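> need the 3D shape of this:
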Amino acid sequence: MILRHLTVGLLRSNCYVLICQATRKAVVIDPGDFGDAILAVLEEENATLRYILATHGHFDHVMAARFLQEATSAPFLLHKFDEPFLLRARESMQKWTMRDPGPAAHVDRYLPGEGEIAFGREKLEIRFTPGHSPGSVTFVHHAGRQLFSGDLIFHGAVGRTDFPGGDYDTLVRSIQQQIFTLPDDYRIWPGHKGPTTVGEEKRHNPMVSPAISDLR
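A predicted model of the protein is given here:
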């Protein structure tokens, strides 16, 4: 599988383009902005976009979804619990960036809490990982021993839980039950900043230790 990474938008969110090398079918995970740049990667790789996927509905992860829908006719998938954030994405982006991005995308299909997404010969497992938002999901690519966690977990940190719908204890449970149960060498590609591994976070992430969780 080919993995292309872009840093997009004023909040510097990570967007990932995954391409099946054999069939050139692709998915885009978290198209937060810069739709032209995302489309340019697809064209450069001679790839056909199969799905537009969002780990959650916050504006900095979805604002280029509508552009990609219109440019490629690919369906946009989001967990139904996060659709309210999508509906407020335009207002949120105006508040944070003083820019009107136009209407947000419409959801073509809701992501299930578990299951698989196939594109070409590649598959992503869907894991329900709420806490940063009620409908956050993580996409796991077992063949490549890697996962795409959105704003659930970062290198030495975790996602914010002070936004509406966030909950720290829920987030910690999601990490412990859905992320830390994967092998230590699985690489974590987060929604912001650089990658890490499951083992690194199990050993050194101070925000997910049982002692801290018990105090919250």
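> and the strands in the protein, which stretches?
2-8, 13-19, 25-29, 48-53, 76-79, 109-111, 114-119, 122-128, 137-141, 146-150, 153-154, 157-158, 187-190, 196-197 (DSSP state E).
> can you list contacts of the fifth one?
Spelled out, it's strand 76-79. Applying Cβ atoms under 8 Å, 6 or more residues apart in numbering, the contact partners of strand 76-79 are 51-54, 56-57, 62, 65-66, 68-69, 86, 105-111, 113, 117, 128, 135-137. The way it works is simple: take the backbone N, C-alpha and C, and place the C-beta from them, glycine included.
> same check, this time on the third one
Residues external to strand 25-29 that are found in contact with it (Cβ under 8 Å, 6+ apart): 15-20, 38, 42, 45, 47-55, 68, 117, 119-120, 122, 124, 139, 148.
> can you rerun that using 6 Å?
Under the criterion Cβ atoms under 6 Å, 6 or more residues apart in numbering, residues 16-19, 38, 47-53, 119-120, 148 lie in contact with strand 25-29.
> quick revisit: in TSV: the strands of the chain, plus mean pLDDT and mean neighbour count.
As requested, the strands of the chain are exported to TSV (pLDDT from 0 to 100; neighbours: other Cβ atoms under 10 Å):
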stretch	mean pLDDT	mean neighbour count
strand 2-8	97	16
strand 13-19	98	24
strand 25-29	98	24
strand 48-53	98	23
strand 76-79	98	23
strand 109-111	96	16
strand 114-119	96	14
strand 122-128	98	20
strand 137-141	98	24
strand 146-150	98	26
strand 153-154	96	25
strand 157-158	96	20
strand 187-190	98	21
strand 196-197	97	20
